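Engineer: What would the 3D arrangement of this be:
(2 chains)
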Amino acid sequence: MSLLQLQNVDASPWGDPVLTDINLEMIPGEVIGLIGPNGAGKSSLLRLLAGDFAPTSGNLLFADKPLQAWPRQALAQKLAFLPQLSLLNFPYTVEEVVLLGRTPHATGARADHDIMREVLRATDTLSLRNRLYTQLSGGERQRVQLARVLAQLWGGHDMSGALLLLDEPTAALDLAHQQQLATVIADIAARGCAVLLVVHDVNLAASVSHRLLVLDRGQAIASGTPHAVLTPALFRALFHAEVLVQPHPNGRQPLVIGL
Amino acid sequence: MITNVINRRRRAQRLLLLLGVLLPLSMLVALGSGAVQVAPADTLAVLMGGDRGQATVIVQQIRLPRVLLAAIIGATLAMSGAAMQGLFRNPLADPSLIGVTAGASLGASLLIVAGGSSLTGHLGLTLVSLGAFVGGVLAVLLVYRLASSGNGTSVATMLLAGIAITALAGAASSLLEFFTDNERLRQISLWKMGGLDGANLPRLLLASVVCGAVLLALPRYALALNTLLLGESEARHLGIRVNPTKIALITWVALGVGTSVALVGTIAFVGLVVPHIVRLLIGPDHRFLLPACALAGAILLVGADALSRVVLAPTELPVGIITALIGVPFFVSLLRQRHQYGMQT
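Structural biologist: So this is what the prediction gives:
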């Protein structure tokens, strides 16, 4: 059973088309990395899936039901979105920000508190929990926002039916926290949560994703396993860059080396 | 500083309790203050139904409606301000931003100028209030229309449209004032300074119904406001129906502020600074912020009105002057330590 289905989806939320003829299918527990140059439509695709605007044509189904037909709150229990930028400039504490992720649920203060502790631990923000969000560094804020969207979907061992959209979640993270994020993604995917993420570091994308989807000027130009997608020809076409693609020493993924 | 935030919720509950005790006390003191001083014991006795001669008349007939009106209006202005700051995600937002105050001023000025000397006594006051209310609501409708499109309502556009409409209404008011005579000019300018001296039972009743509804309605949006601070899309992704929420908030605030401006004129400062002060003390969680603002706003206006009657007795100062004179020093002292509270602006 597929969790998410896009069939020939076009979208032009501001007049000009930003996405053309997108086809995509995701099953529970699948991790898909979105790559492509700036302005390719990666964030637009995430925002389309988050319901910020409707497709102009084509079908967009979430759990076999048109996404636009989902009631807001029911959708929010299943689908969370971490945007690139956070506008928050009111002095919430870290705990308060993370608990906002529980807004769509009515699970009670006690359960929410337990979930908050688990996601704080998973994102290494437990020690920040009483700090003010406005006084955190960029990377710390990004981890707290990640904890918030995790809290929104967190639900014990079975997270199947949930979809997490991450827009450049690693942009402000140091190496240790990038690796921690990869662990978190693998962990929730193992519990059935599907993850669609935009990452610019192709090696990171290859290491966390089952499949990659390559976007260029609003169109999907390639999709498949990291091994199938990441070729020197792709980088020449996409970024006008020469790269070497070698087997990664870990033996599980390709390694792209810029020249 | 850490201890400031660890027990934020407990702090909020303590503040609510403190304000809840202070409000009746301030009202009791206010009932006894004025050109004729009444001792708190006598005031209490009168409230319990006892007869203390002249004091009975003063407390029951004159001061009670006025103090209650001050409390209701103060609460409405402060809570509306908190809601607007949350909706606009800007701690500098103020209920007047959506044009309601300027529109109401224009409406009132129009009626004062057009009505001329026939507008005296209670009928005149009522007509001016009606003009103010209509002006305020029309201005908000205009601002709202300017900021709305097929994609919903943009709060950023609304802010700018509010500034434009405020400027336009201000210019029209100035034009009226330019051409009118000195007596009416003074009438207009006194009205603008605000005052609770027109308080009577019908006005109190009207305020209780309308502002009471606003005070009950706004806290229902506390969770939505909490998520709106993250951003509108984020609130939507957390399951909030953002556009209906915006419309509801704007409607309630326009109703509450429009009514208060119509009844007591423009009272600056309460809607802007009370939420700010309360937020510095207990943080931005609207579940506590909104009720705490209502209580603090009520206390501030009751106290300011009492002072306005006492300072130059038997003359009354416009209450807006007093709210600014009490509030600004307190506010400035908090601003000087704002980094401790994590405010960015």
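Engineer: Who are the contact partners of the closest residue in space to B:Ala39 that isn't next to it in sequence?
Structural biologist: Spatial nearest neighbour of B:Ala39, chain neighbours left out: B:Gly32 (6.4 Å); criterion: C-beta to C-beta, 6 or more residues apart in numbering or on different chains. The way it works is simple: take the backbone N, C-alpha and C, and place the C-beta from them, glycine included. Going by C-beta atoms under 8 Å, 6 or more residues apart in numbering or on different chains, B:Gly32 touches B:38-40, B:42-43, B:59.
Engineer: cutoff 7 Å now
Structural biologist: B:Gly32 is in contact with B:38-40, B:43, counting by C-beta atoms under 7 Å, 6 or more residues apart in numbering or on different chains.
Engineer: what does the stretch 101-250 of chain B put close to chain A?
Structural biologist: Contact residues, the stretch 101-250 of chain B versus chain A (C-beta under 7 Å from any C-beta of the partner chain): B:223, B:226-227, B:229-231, B:233-234, B:236-241.
Engineer: thinking A:Arg141 is in contact with A:Leu85, fair?
Structural biologist: No: with contact defined as C-beta atoms under 7 Å, A:Arg141 does not reach A:Leu85; the gap is 10.1 Å.
Engineer: the more surrounded of the two?
Structural biologist: Higher neighbour count among A:Arg141 and A:Leu85: A:Arg141, with 20 against 11, using other C-beta atoms under 10 Å in any protein chain shown.
Engineer: Show the residue spans covered by the helices in the stretch 1-150 of chain A.
Structural biologist: Secondary structure of the stretch 1-150 of chain A (DSSP state H, counting those that start in this stretch): helices located at A:42-49, A:72-76, A:94-100, A:108-122, A:138-153.
Engineer: among those helices, which is nearest chain B?
Structural biologist: Closest to chain B of those, according to C-beta to the nearest C-beta: helix A:72-76, at 3.1 Å.
Engineer: what are the phi and psi angles of B:Ala55?
Structural biologist: Main-chain torsions, B:Ala55, degrees, to the nearest 10: phi -60, psi -30.
Engineer: The closest residue to it other than its chain neighbours: what's it in contact with?
Structural biologist: Leaving aside its sequence neighbours, B:Ala55 sits nearest to B:Val38 (C-beta to C-beta, 6+ apart; 4.7 Å). Listed by C-beta under 7 Å, 6+ apart, the contact set of B:Val38 reads B:31-32, B:55, B:58-59.
Engineer: Please report which of these has the highest neighbour count.
Structural biologist: In terms of neighbour count, B:Leu31 stands highest of the contacts of B:Val38 at 27 neighbours, by other C-beta under 10 Å.
Engineer: The strand or helix carrying B:Pro244 - contacts with which helices or strands?
Structural biologist: Using DSSP states H and E, B:Pro244 sits within helix B:242-264. Packing partners of helix B:242-264 (3 or more C-beta pairs under 7 Å, 6 or more residues apart in numbering or on different chains; DSSP states H and E): helix B:64-87, helix B:100-115, helix B:121-147, strand B:152-153, helix B:201-217, helix B:232-237.
Engineer: How many neighbouring residues does residue 142 have?
Structural biologist: Just so you know, I chose chain A. For A:Gln142, the neighbour count with other C-beta under 10 Å is 24.
Engineer: wrong one, chain B
Structural biologist: A count of neighbours around B:Leu142, defined by other C-beta under 10 Å, yields 19.
Engineer: ok, back up a step: just the buried subset of the contacts of B:Gly32, written out for PyMOL, thanks.
Structural biologist: Buried residues within the contacts of B:Gly32, by 16 or more other C-beta atoms under 10 Å in any protein chain shown, are selected in PyMOL with:
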select buried, chain B and resi 38+43
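Engineer: Among the contacts of B:Gly32, which are located in helices?
Structural biologist: Of the positions in the contacts of B:Gly32, B:40, B:43 sit in helices, assigned by DSSP state H.
Engineer: so which of the contacts of B:Gly32 would you say is closest to A:Ala205?
Structural biologist: B:Pro40 (72.5 Å; C-beta to C-beta).
Engineer: which residue does the stretch 51-200 of chain B bring closest to chain A?
Structural biologist: Nearest residue of the stretch 51-200 of chain B to chain A, counting by C-beta to the nearest C-beta: B:Arg89, 6.7 Å away.
Engineer: contacting residues around B:Ser80?
Structural biologist: Listed by C-beta under 7 Å, 6+ apart, the contact partners of B:Ser80 are B:95, B:253, B:256-257, B:271.
Engineer: Over to A:Met1?
Structural biologist: With contacts defined as C-beta under 7 Å, 6+ apart, A:Met1 has no neighbours.
Engineer: 8 Å instead, please
Structural biologist: Under the criterion of C-beta under 8 Å, 6+ apart, the contact list for A:Met1 reads A:27-28, A:64.
Engineer: Closest one to B:Phe330 out of the residues you listed, please.
Structural biologist: A:Pro28 (55.7 Å).
Engineer: element containing residue 196, please.
Structural biologist: Reading this off chain A. Counting by DSSP H and E, A:Leu196 is found in strand A:194-198.
Engineer: meant chain B actually
Structural biologist: Under DSSP H and E, no helix or strand contains B:Leu196.
Engineer: ok now do it, which residues does it touch?
Structural biologist: By C-beta under 8 Å, 6+ apart, the contact list for B:Leu196 reads B:66, B:69-70, B:73, B:264, B:305, B:319.
Engineer: Adding pLDDT and neighbour count, write those out as JSON lines.
Structural biologist: Output for those, formatted as JSON lines (pLDDT from 0 to 100; neighbours: other C-beta atoms under 10 Å in any protein chain shown):
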{"residue": "B:Arg66", "pLDDT": "92", "neighbour count": "24"}
{"residue": "B:Leu69", "pLDDT": "95", "neighbour count": "28"}
{"residue": "B:Ala70", "pLDDT": "95", "neighbour count": "30"}
{"residue": "B:Ile73", "pLDDT": "95", "neighbour count": "30"}
{"residue": "B:Val264", "pLDDT": "87", "neighbour count": "30"}
{"residue": "B:Asp305", "pLDDT": "91", "neighbour count": "33"}
{"residue": "B:Val319", "pLDDT": "86", "neighbour count": "27"}
